[in-house]
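> Build the 3D model from these lines:
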Amino acid sequence: MENDYLNTIQTMLSIVILESSDFQSTQEILGNFYKHLDSISNEKQLIQLQKLIKVFYESQDTQDDKKQILNEITQRIKQKFPTSNQDHCQFFTEMTNKNQKKIGVSILHNDGSFILTDQLTRKILEIKNGADFQKKLFEYCAIAGQNNLLKQFNEETNLLQQNEVEKQFQMTIYSEKTRKKALKHLNEASKKAKESLLHTDWTCTQTRLPKQKNQSQNFDYWNKIKIKYLKTITIKITKVIMSVNEEFLESIKTSTQIYGSQQLQTMAENSRALYNVVKCEIVENPCVEELNPDDLSKDQKLLIYEDKWKVKCQEISIEFQRLKKLKEQAKIENSFQSFYGTPLEFDLNSQIQYQ
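Sure thing, here's the model as predicted:
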């Protein structure tokens, strides 16, 4: 532990002294620095590091780009203090405040597996059962959105790299809620069209239906698909330090708002341990992000959804055509009755005509 502290100071000195133009060397040294820093949990040593950084920062010889790096290091060290991060009472308070702003809060391992999550996060991700909770964060991403997601990361295995403290990104997921809402809208539109057909003059109905069709053509095919079956969420992840004791574990077990994984039990067995975890904040976007049509066309789940949608539309179309024929037939019968009078008069007129 002492060696890690000394190595941290040594590498920090190297960062400050190194020429600004040598960007690659700076990043390599910074990576080693964070590696040593992550191994330090002694609060006194962390405070000493903060004081040393302040001295470097206030020095007239420290260049602006180095001051920016020192600021990043300062933020990283702040994340090392449990009292300033994931104190248990603070976690519940923060969760409540975030939920009021429609932001879900959860704690993950850096590989994306869930440790605990609040109810709002489960609602946004549409987690319905324990099997879903076993999935890692990236596994919720729709196939159509994976290329967009991976453009925001250097690798697929970790959420945050060694030299990263926090990150914000977007991810598009499948949404059963959105799909059901689209089907509901389709059924309501179908119902209104049928009522209009049955209760409106045929000439009026003819002018309305093409207008509805033209309006729907304003959206291209793939935009319609993403709007009907997907939603995009914005995610902010931050490295934090967390401890778990029996009291905290029990409060989660009795809570109706927070759900914990089996890993919490293992973590609680060593209540003095400090765990490097990731705080995850999730909020729904009002619109689905732009997606490449090629990515959408390769998503088999979306294609299956769309096939079912087409079947539903075909059923509605057949029913509509059936009602249309009935309407036309009724109109013809009404025309005959208006011309000849009552059915009895029509029968008498026929007999007179052929006598």
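
> hang on, Glu247 in a helix?
Yes. With DSSP: H, G, I helix; E, B strand; the rest coil as the criterion, Glu247 is assigned to a helix.

> hang on, it packs against Cys89?
No. With contact defined as CB atoms under 8 Å, Glu247 does not reach Cys89; the gap is 10.6 Å. Where you see a C-beta, it was placed from the backbone N, CA and C, and this is true even at glycine.

> Look at Glu176 and say how many residues are nearby.
Neighbours of Glu176 under the rule other CB atoms under 10 Å: 11.

> Can we start the residue count at 18 from this point?
Happy to do that; since the first residue is 18 now, the last one works out to Glu193.

> Distance of it relative to Leu281?
Remark: distance between Glu193 and Leu281 (CB to CB, to the nearest Å) = 28 Å.

> Any buried residues in stretch 185-205, and which?
By 16 or more other CB atoms under 10 Å, the buried positions in stretch 185-205 come out as Met188, Thr189, Ile190, Tyr191, Ser192, Thr195, Arg196, Ala199.

> The residues you listed in helices, which ones?
Here DSSP state H is the test, and the buried residues of stretch 185-205 give Thr195, Arg196, Ala199 as lying in helices.

> if I look at the second one, how far off is Asn204?
Between Arg196 and Asn204 the distance is 13 Å, computed by CB to CB.

> Name the member of the ones in helices among the buried residues of stretch 185-205 with the shortest distance to Lys256.
Of all those, Thr195 has the smallest distance to Lys256: 32.0 Å, by CB to CB.

> distance of the closest one from Pro310?
Shown here: Thr195 relative to Pro310, a distance of 19 Å by CB to CB.

> Walk me through the domains of this structure.
Per automatic domain parsing, the domain ranges recorded for the chain read 19-95, 100-194+245-301.

> Which one of these has the poorest average confidence?
Across the domains of the chain, the stretch with the lowest average pLDDT is domain 19-95; it has a mean of 74.

> centre of the chain versus that one, how much separation?
35 Å (CA atoms, centre = their mean, to the nearest Å).

> for stretch 257-274, same thing?
Counting by CA atoms, centre = their mean, stretch 257-274 comes out at 25 Å from the chain centroid.

> for stretch 182-191, same thing?
Per CA atoms, centre = their mean, the centroid offset for stretch 182-191 relative to its chain is 7 Å.

> do stretch 323-338 as well
How far stretch 323-338 lies from its chain's middle: 30 Å, per CA atoms, centre = their mean.

> Buried ones in stretch 62-76, by neighbour count?
Neighbour counts over stretch 62-76 (16+ other CB under 10 Å) mark Gln62, Leu63, Leu66, Ile70, Phe73, Tyr74 as buried.

> could those residues be laid out in a markdown table, adding secondary structure and distance to Leu215?
Shown next, in a markdown table, are those (DSSP: H, G, I helix; E, B strand; the rest coil; distance: CB to CB, whole Å):
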| residue | secondary structure | distance to Leu215 |
| --- | --- | --- |
| Gln62 | helix | 80 |
| Leu63 | helix | 75 |
| Leu66 | helix | 78 |
| Ile70 | helix | 77 |
| Phe73 | helix | 80 |
| Tyr74 | helix | 77 |
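
> In TSV, list those residues along with distance to Val257.
Shown next, in TSV, are those (distance: CB to CB, whole Å):
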residue	distance to Val257
Gln62	19
Leu63	14
Leu66	18
Ile70	20
Phe73	25
Tyr74	24
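
> Could you report the neighbour count for Lys270?
Using other CB under 10 Å, Lys270 has 12 neighbouring residues.

> excluding its backbone neighbours, what's nearest it?
Once flanking residues are discounted, Lys270 sits nearest to Gly277: 7.1 Å by CB to CB, 6 or more residues apart in numbering.

> Would you agree the one you found is in contact with Ile269?
Yes. With contact defined as CB under 8 Å, Gly277 counts as touching Ile269 (4.4 Å).

> and the two? which has more neighbours close in?
Gly277 (22 against 19).

> how about the helices in the stretch 168-317 of the chain?
193-216, 219-233, 238-246, 263-270, 280-285, 310-314, 317-357 (DSSP state H, counting those that start in this stretch).

> can you tell me the average pLDDT over the shortest one?
In this model, helix 310-314 has an average pLDDT of 95.

> and Tyr51, that's in a helix?
Yes. Applying three-state DSSP, one finds Tyr51 inside a helix.

> Apart from its chain neighbours, what residue comes closest to it?
Excluding the flanking residues, the one nearest Tyr51 by CB to CB, 6+ apart is Gln179, at 4.6 Å.

> again with Gln169
Computed as CB to CB, 6+ apart, the closest residue to Gln169 that is not its neighbour in sequence is Phe186, at 4.3 Å.

> quick one: which of the helices of the stretch 168-317 of the chain has the weakest pLDDT on average?
It's helix 219-233: among the helices of the stretch 168-317 of the chain, that one has the lowest mean pLDDT, namely a mean of 46.

> What residues sit buried inside stretch 135-144?
Asp135, Gln136, Leu137, Thr138, Arg139, Ile141, Leu142, Ile144.
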